[in-house]
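Engineer: build me a structure from this.
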Amino acid sequence: MLDILFKRRSVRRYTNTSIDQDKIDRILKAGLLAPSSKSKYPWEFILCNKPELNQKLSECKPHGASFLKHAPASIVITGDESLSDVWIEDCSIAAGFMLLQAEKEGIGACWIQVRERPHNDTIDAEEYIKNLLEIPKSQRILAIIALGNKDGTKDRREESFLKKDKIHINKF
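Structural biologist: This next block holds a predicted model:
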């Protein structure tokens with residue numbers, strides 16, 4: 001597991017080749033296997049694999065999503081806040097599991113924050129995406145995970161990257 005954690009990096013550049021469906025299925029399965037508070041599993045995942053749809057999703061906010069237009073696939077992560085008061089945490093864990101599985105599959109992936117981000121002066125990114133994907137009002141959008149075959153490589157992190165002074169034992 002540590003090998004995957006050291007290798008995993010946010011990837012924003014993708015080749016123009018499609019992703020093998022079996023790999024996408026395993027990434028989604030990893031999200032479904034994530035733990036959830038009180039076993040509520042408040043998440044829903046929307047796989048977006050049409051170029052025109054990812055182009056529109058890339059416009060969900062002014063900064064930090066434009067690279068999505070080059071991704072062959074993405075996963076929109078929603079949560080039902082009426083089902084769980086910790087839907088944000090539960091959905092975040094599921095997203096983390098998917099990001100790690102993407103690395104195991106050799107697929108580049110990057111989290112795109114949606115919750116609490118503006119689309120423009122009149123609506124937020126969440127409302128823009130809800131309208132685009134016909135997401136029910138009961139669902140909240142946490143993030144989008146962009147997926148694609150990596151265009152280039154990034155160095156893995158080394159042991160020296162770890163900020164071990166952030167670890168405290170028995171007291172701060």
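Engineer: Gly108 belongs to a strand?
Structural biologist: Yes. When classified by DSSP: H, G, I helix; E, B strand; the rest coil, Gly108 is found to be part of a strand.
Engineer: that one contacts Lys154, correct?
Structural biologist: No. Counting by Cβ atoms under 8 Å, Gly108 sits too far from Lys154 to count as a contact (9.0 Å). To be clear about C-beta, it is placed using only N, CA and C from the backbone, and glycine gets the same treatment.
Engineer: Arg115 and Ala143 touch, don't they?
Structural biologist: Yes. When contacts are counted by Cβ under 8 Å, Arg115 is listed as touching Ala143 (7.0 Å).
Engineer: of these two, who's got more company?
Structural biologist: The neighbour count for Arg115 versus Ala143, taken as other Cβ atoms under 10 Å, is higher for Ala143 (20 against 16).
Engineer: quick one: which helix or strand includes Glu126?
Structural biologist: Applying DSSP states H and E as the criterion places Glu126 in helix 125-133.
Engineer: and the contacts of that helix?
Structural biologist: Residues outside helix 125-133 that contact it (Cβ atoms under 8 Å, 6 or more residues apart in numbering): 46, 48, 53, 56-57, 59-61, 65, 76, 114-115, 117-119, 135, 137, 139-141, 144.
Engineer: and what of stretch 88-97?
Structural biologist: Contacts of stretch 88-97 (Cβ under 8 Å, 6+ apart): 30-37, 40-43, 45, 77-79, 84, 111, 115, 142-143, 145.
Engineer: so which of these are in strands?
Structural biologist: When strands are assigned by DSSP state E, the members of the contacts of stretch 88-97 inside them are 43, 45, 77-79, 111, 142-143, 145.
Engineer: mind listing the helices for the chain?
Structural biologist: Applying DSSP state H to the chain gives helices spanning 2-7, 21-32, 51-57, 87-105, 125-133.
Engineer: check which residues of the last one are buried.
Structural biologist: So the one you mean is helix 125-133. Across helix 125-133, burial judged by 16 or more other Cβ atoms under 10 Å covers 125-130, 133.
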